[in-house]
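Predicted structure and sequence below. I'll ask about it afterward.
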Amino acid sequence: MPMTKTTLTFLAAALLAASPAFAGDMTCCSSKTGKMECSQIYAKLNLTPEQKAKLDSYQEACEKDGCTEGSMKKYFAQAKEVLSAEQYTQLKSECSKMQKTSEKADS
């Protein structure tokens, strides 16, 4: 029974962390100081060199496409394929935090 509660708690946290990114928010690195912020986020994820290279490539493509809702969804879908579940949840959480900080700065 405790395992079920833990699993459900983790799932709820993951869903909450994931929801802002698909609600039209910018990706992490599309903010004004994006590249530096991405490096800081990626450092927290303990990425392998291969994972980092792929995320950098996905982010460049997202920026090239103008960080549209579609390109952002594609970025997160691709990131989900190369990250562990824990890394992906952390990425989404950090991006959400960054977005909130960026919105406050713009106000």
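Now that the structure is in, tell me what you want to look at.

Grab the nearest non-local neighbour of residue 88.
residue 80 (5.2 Å; C-beta to C-beta, 6 or more residues apart in numbering). Where you see a C-beta, it was placed from the backbone N, CA and C, and this is true even at glycine.

packing partners for whichever strand or helix holds the one you found?
Using DSSP states H and E, residue 80 falls within helix 69-82. On a contact count with 3 or more C-beta pairs under 8 Å, 6 or more residues apart in numbering; DSSP states H and E, helix 69-82 meets helix 49-64, helix 85-106.

Which of those helices comes out lowest on mean pLDDT?
The weakest mean pLDDT among these belongs to helix 85-106, with a mean of 81.

Indicate which one of the helices and strands packed on helix 69-82 is closest to residue 74.
Residue 74 lies closest to helix 49-64 among the helices and strands packed on helix 69-82, at 7.0 Å (C-beta to C-beta).

Using neighbour counts, pick out the buried residues of the closest one.
Neighbour counts over helix 49-64 (16 or more other C-beta atoms under 10 Å) mark 51-52, 54-56, 58-59, 62-63 as buried.
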